[in-house]
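# Build me a model from this:
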Amino acid sequence: MDRLIELLKEIRPDVDYDSCTTLIDDEILDSFAILSIVGELEEEYGVVVTPADIIPENFNSAQALWGMVQRLQAEA
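Predicted structure coming up:
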């Protein structure tokens, strides 16, 4: 999870990823940031994020992103 936070901070360093749970709902992350995150997750964790995975529930918080990564790793 710590590495995930580091990756997120490289994309948007001004966000408190430890406590924010509305990254999508409050439009903190835009489409470019989401695509950047997807690329980083795929490279760092060896997962494939499909369009079906790109939903607000998976991107609203660092915890949700981490849960998605773990699920995708388990499915691989």
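# chain center to the helix or strand that residue 42 is a member of: distance?
Assigned by DSSP states H and E, residue 42 belongs to helix 31-45. On the basis of Cα atoms, centre = their mean, to the nearest Å, helix 31-45 sits 7 Å off its chain's mean C-alpha point.
# which parts of that helix are buried?
By neighbour count on 16 or more other Cβ atoms under 10 Å, the buried set for helix 31-45 is 33-34, 36-38, 40-41, 45. The way it works is simple: take the backbone N, C-alpha and C, and place the C-beta from them, glycine included.
# what helices or strands is that helix leaning on?
With contacts taken as 3 or more Cβ pairs under 8 Å, 6 or more residues apart in numbering; DSSP states H and E, helix 31-45 sits against helix 2-11, helix 62-75.
# picking up where we left off before, which two of the buried residues of helix 31-45 have the greatest separation?
33 and 45 (17.6 Å; Cβ to Cβ).
# how about the helices and strands packed on helix 31-45 in TSV, adding distance to residue 28 and mean neighbour count?
Output for the helices and strands packed on helix 31-45, formatted as TSV (distance: least, Cβ to Cβ, whole Å; neighbours: other Cβ atoms under 10 Å):
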stretch	distance to residue 28	mean neighbour count
helix 2-11	11	14
helix 62-75	12	16
